[in-house]
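Novice: what's the 3D shape of this:
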Amino acid sequence: MARYRGPKTKIARRFGDPIFGPDKYFERRKYPPGQHGLMRKRRKKSQYAIQLDAKMKAKYIYGVLERQFKNTFKKAAQAGGNTGEVLLQLLESRLDNVVYRLGIAPTRRAARQLVSHKHITVNGKVVNIPSFTLRPGDVVGVRTKSKSLEVIQESLRNRSDQYDWLTWNDEKMEGTFVSLPTREQIPENIEEHLIVELYSK
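Specialist: Purely as a prediction, here's the structure:
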């Protein structure tokens, strides 16, 4: 499966949740996509379908492909502790996600592009792998040549969300990945226990 590049609102309507952030089009049509929308009677979903939806929702939110997601789950299962929480921590530790959380990019998709185009550094070195896993203490910054980019400047001007597990230095245009977030600190509406149940079959 290739990375999804279609209408984001359509996916948000499928899950009944603005998973890509504030969406005025979603607010207008909070019913499922399709020709008949709410008029169509939907059969009650099986437990498997509910679990599959939970996994698909997480994949769309973080922009992760099937193989990447499966490998991430395997790492979470081997790490010990609460597998669902560890899974989300690993997804939150991805470089593209942290660039988005710090406000350097307005969306995860934009963050992935900035990383791929070598605009982002980790501990002073350019890293162009969006799935790069950060560790507590790592410093994520904007490459010197890229600090004047309008897309980055605009995103930083509009940044509002702040997270306890990240710190940001406006002057240096860099942030620190202080610690792994707890489940309570991750704002995404994901039922990770359903994903664990799905992979445990």
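Novice: so which residues of the chain form strands?
Specialist: 120-122, 125-126, 139-142, 166-169, 174-177 (DSSP state E).
Novice: what strands flank the fourth one, and is each parallel or antiparallel?
Specialist: Each strand paired with strand 166-169, and its direction, by DSSP bridges: strand 174-177 (antiparallel).
Novice: how about the first one?
Specialist: Based on DSSP bridges, the strands next to strand 120-122 in the sheet, each with its direction, are strand 125-126 (antiparallel), strand 139-142 (antiparallel).
Novice: what about Gln162, neighbour count?
Specialist: Neighbourhood size, Gln162 [other C-beta atoms under 10 Å]: 11. Where you see a C-beta, it was placed from the backbone N, CA and C, and this is true even at glycine.
Novice: ok, the closest residue to it other than its chain neighbours - contacts?
Specialist: Leaving out its chain neighbours, the residue that sits closest to Gln162 by C-beta to C-beta, 6 or more residues apart in numbering is Trp168, at 7.7 Å. Neighbouring residues of Trp168 by C-beta atoms under 8 Å, 6 or more residues apart in numbering: 102-103, 162, 174-175.
Novice: dump those to CSV, plus pLDDT and distance to Tyr60.
Specialist: Shown next, in CSV, are those (pLDDT from 0 to 100; distance: C-beta to C-beta, whole Å):
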residue, pLDDT, distance to Tyr60
Leu102, 96, 21
Gly103, 94, 21
Gln162, 87, 25
Glu174, 96, 29
Gly175, 96, 25
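Novice: Lys59 is in contact with Phe69, correct?
Specialist: Yes - contact criterion C-beta atoms under 8 Å: Phe69 and Lys59 qualify, at 5.4 Å.
Novice: from Arg157, how far off is the most centrally placed residue in the chain?
Specialist: Most central in the chain under C-alpha atoms, centre = their mean is Tyr62, positioned 3.0 Å from the mean C-alpha point. According to C-beta to C-beta, to the nearest Å, Tyr62 and Arg157 sit 25 Å apart.
Novice: cool, Arg135 as well?
Specialist: 29 Å.
Novice: repeat that for Lys75.
Specialist: Distance from Lys75 to Arg157, by C-beta to C-beta: 36 Å.
Novice: then Val126?
Specialist: Remark: distance between Val126 and Arg157 (C-beta to C-beta) = 24 Å.
Novice: more neighbours, the two?
Specialist: The residue with more neighbours, out of Val126 and Arg157, is Val126; 12 against 8, by other C-beta under 10 Å.
Novice: surely that one meets Thr144?
Specialist: No - using C-beta under 8 Å, Val126 is not in contact with Thr144, being 10.4 Å away.
Novice: please parse the chain into its domains.
Specialist: Here the domain parsing of the chain from automatic domain parsing is 8-90+188-199, 94-179.
Novice: out of the contacts of Trp168, which end up buried?
Specialist: Among these, the ones that count as buried by 16 or more other C-beta atoms under 10 Å are 102-103, 174-175.
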